[in-house]
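Asker: prediction below, plus the sequence it came from.
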Amino acid sequence: MKILRMVVSVCLSALSSAGLWAQSTGPDDRRITDPNSVTSTQNPRARPIPIEDLYFTRSLSDASWSPNGEEILFTTDMTGRPNLWKVRAAGGWPVQLVQSDERQTTGTWSPDGKWIVFQQDTGGNELWDIFAVPSDGGEIINLTNTADIREESPRWSRDGKTIALNYKPREGTVYDLALLDWATHKVGKLTHEASPNHNWNSVAWSPDGKTLYANRFEISFTDADVYAVDVASGRTSNLTSHQGKVLNLASSLSPDGKALLITSNSKGGYQNVALLDISTRKVTWVTDTKWEANSGDFSPTGRSFTYTLNADGLIDTYVVDASSMHADKLPLGDGLNTLAADTNSFSPSGDRLLLSHESSVQPGDFWIYDVASRRPQRLTRSAVASLGSAPMPESQIVHYKTFDGKTISALMWVPFNLKRDGSNPALVLPHGGPTGQVQDYWSPRVAALVSRGYICIAPNVRGSTGYGIDFQRANYQDLGGGDLQDEVYAAKFLQASGFVGPKKIGITGGSYGGFMTLMAIGKTPDIWAAAVELYGIIDWTTMAQHSDPQLQQYEKSLLGDPVKDKKAYDAASPITYIHTVRAPLLVLQGDNDPRVPKEEATQVVELLKRDGKTVDAHYYPNEGHGFEKRENQIDAIRRTVDWFDRYLKSTP
């Protein structure tokens, strides 16, 4: 399940020293960056990158190996829509399996290789159905066809007779586990969660098909356990019982069915990787770090397994020898090096690994890593050719002290050829979530802005993941309080660099970043000269009335009870400060957004127009939370660039 997730990351501060980076063992070792050490590289070839080049560059996700290891299924927006494609693992031209105006994700092969199942919604409404298509192409079949139920993340049993699903009614607050009978297409719930704020997602089937292993997690992502669920009776057994709030999440089952690969933050609140013996419940630790380690996959033989390590927004993948516990980092360069497959990134024979690599200057692509030779080979080329000749400044990590002494990490992009004279426009980019992190991702939106002369900084403010559970919890009942000040101090860092003047700073973000944008221009109006907000929250009380019921539970985990804690809701709602807005504001919103409904955007526009403030809005039909259709992505970034050019670049 994917709730409010997002990403972005780095090289180490302006120093960018691999040696210094290697010495950093966790958040405690971060060095404060001198703003004057930030530089703008001279490059005579620098130019604005055409918007079409950026958005006709494809995105890739949700890969899956065929059972014979010869083909790879994935989702790509090659046609401007995220549809299902497949490609031979040895390379070649990809074949489109599903042509649709709607998006498909989480495609997976049947054990016999004859079918592919996937999830698809309508117009971005997130009311997913499960579909099937023959693996060689053919008629698409809607297996569930339920207008008011979300069925997600299909997982085949080993005999191919049953598909495990994550299952949530439209008005429900929780995801349960359900089983779909392949022969009859009948769906029956396996779990019946009684708590309104806990969810289930499947992990793996036992070899005999009698047990489904799953995670049960609290909606705030601060507490979770791993369970064995008896398929016949639905009886559940907690394999990671604990006191207090601890995060335990499984990702893979060993081929012999004896051990689970898990992520746990029981070591001081920092995520580490461990092996869980199912019969004894014994935990054997694999990592010991204060950075964020996440468990991966077992190889088909069980003799090795994988994990990823997220160090301040840079991610690397490791392969571990199960007998010696020796770990090797896979060589893919700086950026985000992650496991690409949804179910298992090892090929069925175990001789290859499917990986994904991207960075701030490199769009995401799939790579095949040969286990024996330890060599990666690039499988896809998602970028259009012109991007290869377009110079782009890499992101860099900077660290600064915020108002209360906490250290904040931020990604920063500095355009080429700038003068240190305070004349340059800059943007603060608050991320979504807030339970998320800015990492070193490829962003066409950021590339469009930076190549047009905008310095961009994206802080990982309190409430972000990646820096331990205490930091993640640091904005509880204080949304738009300390975390907003962390954004303000990013603006102060920009000014301290000497490149940016106080009347040249804008702010823009989506979802929680949209909320933060609204909060910033209302609560700290003197800081911002212009703003663009995308599908952001203006009033947490109306959000609690109109958004998806599960998201309402997430809100409660951040702010408390809407009645008893009304003061916290009011203090955290941009509507409380809307009449003090001075910055010109552009609002961009999808009509079908189930997370931040359109009513949030229309409230903003109506209130500011009533006050005579400068505001404009555009609403996208057939879009949900975020824009998936290429023409809408291009339109949104054009409007954003035009808005900031008008109010940050022009002379008042």
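Answerer: The structure has been received and is ready for your questions. Numbers count the residues shown, from 1 in each chain.

Asker: quick check: Gln550 is in a helix.
Answerer: Yes: assessed with DSSP: H, G, I helix; E, B strand; the rest coil, Gln550 lies in a helix.

Asker: so how far is Thr576 from it?
Answerer: Note on Gln550: its distance to Thr576, by CB to CB, to the nearest Å, is 26 Å. All C-beta atoms are positioned from the backbone trio N, CA, C, and that covers glycine.

Asker: the more surrounded of those two?
Answerer: Between Gln550 and Thr576, Gln550 has the larger neighbour count (other CB atoms under 10 Å), namely 23 against 17.

Asker: tell me the SS of the nearest residue in space to the more buried one that is not next to it in sequence?
Answerer: Leaving aside its chain neighbours, Gln550 sits nearest to Thr173 (5.1 Å; criterion: CB to CB, 6 or more residues apart in numbering). Classification of Thr173 using three-state DSSP returns coil.

Asker: same check, this time on Ala447
Answerer: helix.

Asker: which pLDDT value belongs to it?
Answerer: Predicted confidence (pLDDT) for Ala447: 98.

Asker: next: the one 4 residues further on.
Answerer: The predicted local distance difference test score for Ser451 is 98.

Asker: residues touching it, list them.
Answerer: With contact set as CB atoms under 8 Å, 6 or more residues apart in numbering, Ser451 has these partners: 46-49, 390, 392, 415.

Asker: quick check on it: phi, psi?
Answerer: Main-chain dihedrals, Ser451, degrees, to the nearest 10: phi -70, psi -10.

Asker: can you give me the separation between it and Phe416?
Answerer: Taking CB to CB, one finds Ser451 at 9 Å from Phe416.

Asker: okay, and the common contacts of these two?
Answerer: In contact with both Ser451 and Phe416: Ala46, using CB under 8 Å, 6+ apart.

Asker: any idea what the closest residue to Glu623 other than its chain neighbours is bridged to?
Answerer: Among residues not flanking Glu623 along the chain, Gly590 sits closest, at 3.4 Å (CB to CB, 6+ apart). Beta bridges link Gly590 to Tyr620 when assigned by DSSP bridges.

Asker: tell me the secondary structure for Ser557?
Answerer: State at Ser557, reduced to three classes by three-state DSSP: helix.

Asker: which ones are touching the nearest residue to it once chain neighbours are set aside?
Answerer: Nearest residue to Ser557 in three dimensions, chain neighbours excluded: Ser220, at 3.4 Å (CB to CB, 6+ apart). Counting by CB under 8 Å, 6+ apart, Ser220 touches 197, 435, 554, 557-558.

Asker: pLDDT weak spots in the stretch 551-652 of the chain?
Answerer: Residue ranges of the stretch 551-652 of the chain with pLDDT under 70: 651-652.

Asker: what's the neighbour count on the residue nearest to Glu102 when sequence neighbours are not counted?
Answerer: Nearest non-adjacent residue to Glu102, counting by CB to CB, 6+ apart: Gln120, 5.3 Å away. Using other CB under 10 Å, Gln120 is surrounded by 21 other residues.

Asker: I'd say Gln120 and Ala132 touch.
Answerer: No: using CB atoms under 8 Å, Gln120 is not in contact with Ala132; the gap is 10.9 Å.
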